[in-house]
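K.L.:
coords below, sequence missing:
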């Protein structure tokens, strides 16, 4: 792969990290929004990673919760430093994803969606019943330097985004596309769809866990309601509204919706209406999401100017959506 | 005719005569199944047209094509596995519910071996019996044109004989039978006319007994 | 022995409502491959319909007997949900036919919006619905309210009616054919669109009956839809996606498991326990109890 191909993603990520650090560490609206954008973007990228192998995992909130509780306990019981706690959160969430995927990935499609949705609720219920993690009231008093946490959030989000771009352009990324679009072909080519899916699920679990660890240090309180089905559904909204065909879509969706919710907060607890309404409208009017729509507009502009169909963003063009029919 | 993005069929014109069996042979990916699905209105036709008995049927609703007297026995049988044999047949006569009685008797006459199996779930039958149910189900709509997509695939030779023998019988009662087969030997044996489809084009057409002696066919499809 | 009878009676009663709820969910999935997150919202709307009509009746119409208002609630909820179902069908299900993800997303969106509308209209406070029938029935040493007896009887009657419709009528047979293989059904001349609409209306009717039935026996809250949805999902996974028989067995099993679990431990632990059982079942039968292996 030529190094020039990396200029765009590295440049965009670096710029985003700088902007994130400047606004996130300042005291405007950015200080309120940037940490949440980072958490949401991490979760959205994790959700999209599993979508790339053709499954929708509505247990994102569960892995996020496991990461958050682990990191919080590391901080509270062992007084572990920020990064150690966060990494531990990521690893334990990844392990949970490994167990969950190992048990459940023999089903796919609709059944996987339903099981993962139920699993998320079951984890939340389990947390409310587990006294050594605080039961209903959760864990309180996770301490960390707020500036260090925000800095870590922005940088981790940037690094994860770059890693995922690398993954997408690697041999693995191509295997993912085959598993999503032609599962039968994948098996014939010696790729085991189930193991590829498991790898994607575990990687996604680690990212969710890291996001949870960062969240625990940022909010200093973790409680079961933070990890309900609502978070999984919101994250799905980020990906779909941003555009599932590009990694950028997950980040843009997270940023736009997080910012909008923050701005609307003065009107009361209308968060679900924003997500719900946006989901319905977006699916009808903008099935490829914000980034997909922008991409189409850009392409039309450059097409009419150059009369060619070259890809203006340098992103890999979206994989065809048609699914293989088992006949 | 275009199917999706790729050109699947290119200027295919078929003539199938009433009371006769017409076979279409060709290798995998030659466009045979696509042709049948397009005729039934199951896949959109982007370019070109489909005419059945001189009526334009391009992109017609599947149910109208069926009501109009064209039935397809799809590849892989596609029975309703949870439904009993009797229910499968009844669903086949969905369009002609009112005159369904005699069609049912005709199908029973064609496949007497299904009589004791009527109350069994279709998914529990053997492959050959399932194929009989699939053909019977299509016959329930009393079609003027009966199309069969690979009806003999995956069946034991003796079952193939039993089923292939029926095509002539069905045609004799005044139905136009269009048979799509990969197995050229069977196809040429049971058909009156035959055409050869290759990568979406008709490369050869003619009477089956003549085609059997054609060097190209003998070489490429019969392996002689 | 008394405890055993009590648990069985409770389990059957809970299970009968679960069956109604899960039947609607599995029906829509079978006919259109839609994972219908809106089903819980529809169910909640029906429960609130009963709440509104029964409380209004108790306050303003002293002459009208509660059972008449209750029957009225069924009628109103069925019509209301039917209209919403038709709207959902034409706005989304038909447009995104066969697209699992898109339909999933829009029904989630719909459910979220309904939840907030309900919360803003009726507040997040749980509402209790005035009783329709009072008194208790003693049965083999177990005691059960007449309210719950009525729920059980109506739920079973509706289940039997649905089963009879699907098994014996031509439309019902066509519905099962579409569930089994929509393309092959179209090849038989079945109007798949019309049958899908029949499936939607059947499902909304089931949601209406379930919601109105459960209302007087429980508290009505804006989140009850999502709570039932999770149970419904567990049931149809257990029974096999799209399988009506599976939904009936699954509903009974989950109802019994919850009844036993609640008696021994508490409801939350019982829910967790039920989920673990379902995961275990999936290990051995990924297609569910009554489902068929695909591929």
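P.N.:
Structure received. In this text, all values refer to a predicted model and were calculated from it rather than measured experimentally.
K.L.:
bridging residues for residue B:71?
P.N.:
Listed by DSSP bridges, the beta-bridge partners for residue B:71 are residue B:146.
K.L.:
Tell me the predicted confidence for it.
P.N.:
At residue B:71 the predicted local confidence, pLDDT, stands at 92.
K.L.:
Residue B:177 sits in which helix or strand?
P.N.:
strand B:176-181 (DSSP states H and E).
K.L.:
I would like the residues contacting that strand, please.
P.N.:
For strand B:176-181, the external contacting residues (Cβ atoms under 8 Å, 6 or more residues apart in numbering or on different chains) are B:14, B:16-25, B:32-33, B:35-36, B:144-152, B:167, B:170-171, B:187, B:190-191. Where you see a C-beta, it was placed from the backbone N, CA and C, and this is true even at glycine.
K.L.:
Pull up the pairing partners for that strand, direction included.
P.N.:
Applying DSSP bridges, strand B:176-181 is found paired with strand B:21-25 (parallel), strand B:145-149 (parallel).
K.L.:
and stretch C:166-175 with chain B, contact?
P.N.:
Yes: part of stretch C:166-175 sits near chain B under the criterion Cβ under 8 Å from any Cβ of the partner chain, namely C:170, C:173-174.
K.L.:
Can you get me the start-to-end distance on that stretch?
P.N.:
One end of stretch C:166-175 sits 7 Å from the other (Cα to Cα, to the nearest Å).
K.L.:
where do the helices sit along chain B?
P.N.:
Here chain B has its helices, by DSSP state H, at B:32-39, B:62-67, B:85-92, B:100-110, B:127-139, B:157-172, B:184-190, B:208-212, B:215-220.
K.L.:
Need the winner for burial among these.
P.N.:
Per residue and on average, the most neighbours among these fall to helix B:85-92, with a mean of 25 (mean count of other Cβ atoms under 10 Å in any protein chain shown).
K.L.:
Identify all contacting residues around that one.
P.N.:
Residues from elsewhere that reach helix B:85-92 (Cβ under 8 Å, 6+ apart): B:79-80, B:83, B:100, B:104, B:107, B:114, B:117-122, B:125, B:133, B:136-141, C:170, C:173-174, C:176-177, C:185, C:188, C:190.
K.L.:
Got a ChimeraX select line for the buried ones in those?
P.N.:
Remark: buried members of the contacts of helix B:85-92, expressed as a ChimeraX selection using 16 or more other Cβ atoms under 10 Å in any protein chain shown:
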select /B:79,80,83,100,104,107,114,117,121,122,125,133,136,137,138,139,140,141 /C:173,174,176,177,185,188,190
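K.L.:
Number of residues surrounding the residue of the stretch 1-150 of chain C found nearest chain B?
P.N.:
Residue of the stretch 1-150 of chain C nearest chain B, by Cβ to the nearest Cβ: residue C:30 (10.0 Å). Residues lying near residue C:30 (other Cβ atoms under 10 Å in any protein chain shown) number 24.
K.L.:
surely it meets residue C:200?
P.N.:
No: Residue C:30 is beyond contact range of residue C:200, at 11.8 Å (criterion: Cβ atoms under 8 Å).
K.L.:
The closest residue to chain A within chain B and residue A:219, how far apart?
P.N.:
For chain B, the residue closest to chain A is residue B:76, as judged by Cβ to the nearest Cβ, at 5.8 Å. Separation of residue B:76 from residue A:219 (Cβ to Cβ, to the nearest Å): 55 Å.
K.L.:
Of the two, which one has the most company?
P.N.:
A direct count of neighbours by other Cβ under 10 Å for residue B:76 and residue A:219 places residue A:219 higher, at 17 against 14.
K.L.:
Can you give the distance from the strand holding residue B:177 to the centre of its chain?
P.N.:
How far strand B:176-181 lies from its chain's middle: 5 Å, per Cα atoms, centre = their mean, to the nearest Å.
K.L.:
Stretch A:241-261 too?
P.N.:
Distance, centroid of stretch A:241-261 to centroid of chain: 10 Å (Cα atoms, centre = their mean).
K.L.:
got the buried residues for that stretch?
P.N.:
Here stretch A:241-261 shows A:241-259, A:261 as buried, counting by 16+ other Cβ under 10 Å.
K.L.:
thinking again about what came up before, is there proximity between the helix or strand where the residue of the stretch 1-150 of chain C closest to chain B lies and chain A?
P.N.:
Per DSSP H and E, residue C:30 falls inside helix C:2-32. Yes: contact between helix C:2-32 and chain A, assessed by Cβ under 8 Å from any Cβ, occurs at residue C:29.
K.L.:
Packing partners of that helix?
P.N.:
The helices and strands touching helix C:2-32, judged by 3 or more Cβ pairs under 8 Å, 6 or more residues apart in numbering or on different chains; DSSP states H and E, are helix C:38-60, strand C:142-145, helix C:146-168, helix C:170-180, helix C:192-214, helix C:224-239, helix C:244-264.
K.L.:
quick one, longest helix in chain A?
P.N.:
Using DSSP H, we find that the single longest helix of chain A is helix A:193-219.
K.L.:
average pLDDT for that one?
P.N.:
Rounded mean pLDDT across helix A:193-219 is 94.
K.L.:
That helix vs chain C: in contact?
P.N.:
No: between helix A:193-219 and chain C, judged by Cβ under 8 Å from any Cβ, nothing touches; the nearest distance is 11.1 Å.
K.L.:
ok so, going back, give the buried residues for the helix holding residue C:30.
P.N.:
C:6-7, C:9-32.
K.L.:
Enumerate every residue touching residue B:171.
P.N.:
Residue B:171 neighbours (Cβ under 8 Å, 6+ apart): B:19-21, B:177.
K.L.:
go on, residue C:198?
P.N.:
C:171, C:175.
K.L.:
Pull up the gap between it and residue B:15, please.
P.N.:
Distance of residue C:198 to residue B:15, given as Cβ to Cβ: 40 Å.
K.L.:
same deal with residue A:129?
P.N.:
Taken as Cβ to Cβ, the span from residue A:129 to residue B:15 is 74 Å.
K.L.:
Among the contacts of strand B:176-181, name the buried ones.
P.N.:
Counted by 16+ other Cβ under 10 Å, those give B:16, B:20-25, B:32-33, B:35-36, B:145-152, B:167, B:170-171, B:187, B:190-191 as buried.
K.L.:
Write out the residues of the stretch 51-200 of chain C neighbouring chain A.
P.N.:
Residues of the stretch 51-200 of chain C lying near chain A (Cβ under 8 Å from any Cβ): C:91-92, C:95-96, C:100-102, C:104-106, C:108-113, C:115-117.
K.L.:
which residues of chain B score low on pLDDT?
P.N.:
B:1-11, B:28-31, B:97-101, B:223-224 (pLDDT under 70).
K.L.:
For it, what lies in contact range of chain C?
P.N.:
Applying Cβ under 8 Å from any Cβ, we find that chain B lies next to chain C at B:40, B:42, B:62-63, B:66-67, B:71-72, B:74, B:78-83, B:87, B:90-92, B:94-95, B:97, B:123, B:137-138, B:141.
K.L.:
redo that, cut-off 6 Å
P.N.:
Within chain B, the positions lying close to chain C (Cβ under 6 Å from any Cβ of the partner chain) are B:62-63, B:66-67, B:72, B:78, B:80, B:82-83, B:87, B:91-92, B:94-95.
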